[in-house]
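K.L.:
Starting from these lines, generate the structure:
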Amino acid sequence: MIKLDIKTTPGTEAYMSKLPKMVREGLVSGVKDSINFGKDEAKKSFGMPNKPHNKTGKLSNSIKASFLAGVNQIKGSLSSNEVYARIQEEGGVIRAKNAKYLSFQIGGSWVKVSSVTIPARPYLNPAIMDNLKAIEGIITASILKGVK
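P.N.:
Numbering: from 1, shown residues only. The predicted structure is shown next:
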């Protein structure tokens, strides 16, 4: 499982319960909308250069947006529970464990290797980090809508 969290910092948590109700509701709505926006952006990236391939759609369809709004925090998460989600996001080496070799087909021919290096193909982190301006706009618009 891989998970990306966006949450308030400890310094801002003390102020969360003191926010006027309309501002807080706008902030909560904005963070919720932002995490769903991030989910959509992550899904759109599949098949793009340096992103995961989208052969079956299984990884893309496994992306979940979750949200929690407590008294002192607001937290949004993007995650996937597919076993290969982390290796796609971060890259790494897959080694044979229960056999001498990994065996798989490439172009109709069987190949045996002791390990395979998977390049990083990040899709969750960039969905948020590459869209910070848009996310800021979503949250700001939501807060302003709440106080009008």
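
K.L.:
if we look at stretch 115-135, which residues are touching it?
P.N.:
2, 4, 6, 34, 37-39, 41-42, 45-46, 50-52, 63, 78-80, 87-96, 102 (C-beta atoms under 8 Å, 6 or more residues apart in numbering). Every residue, glycine included, has its C-beta placed from N, CA and C.

K.L.:
Please spell out the segments of the chain that come in under the pLDDT threshold.
P.N.:
Applying pLDDT under 70 to the chain flags residues 1-19, 146, 148.

K.L.:
Distance check, the nearest residue to Gly91 once chain neighbours are set aside against Gly92.
P.N.:
Of all residues not flanking Gly91 in the chain, Ala120 sits nearest, at 3.3 Å (C-beta to C-beta, 6 or more residues apart in numbering). To Gly92, Ala120 is 8 Å away according to C-beta to C-beta, to the nearest Å.

K.L.:
got the residue ranges for the strands in this protein?
P.N.:
In the chain, the strands defined using DSSP state E lie at 2-7, 64-69, 74-80, 92-95, 102-106, 109-113, 115-118.

K.L.:
Could you dump those strands into JSON lines and include distance to Val28 and mean neighbour count?
P.N.:
As requested, the strands of the chain are exported to JSON lines (distance: least, C-beta to C-beta, whole Å; neighbours: other C-beta atoms under 10 Å):
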{"stretch": "strand 2-7", "distance to Val28": "13", "mean neighbour count": "16"}
{"stretch": "strand 64-69", "distance to Val28": "5", "mean neighbour count": "15"}
{"stretch": "strand 74-80", "distance to Val28": "6", "mean neighbour count": "21"}
{"stretch": "strand 92-95", "distance to Val28": "36", "mean neighbour count": "12"}
{"stretch": "strand 102-106", "distance to Val28": "46", "mean neighbour count": "10"}
{"stretch": "strand 109-113", "distance to Val28": "49", "mean neighbour count": "10"}
{"stretch": "strand 115-118", "distance to Val28": "37", "mean neighbour count": "11"}
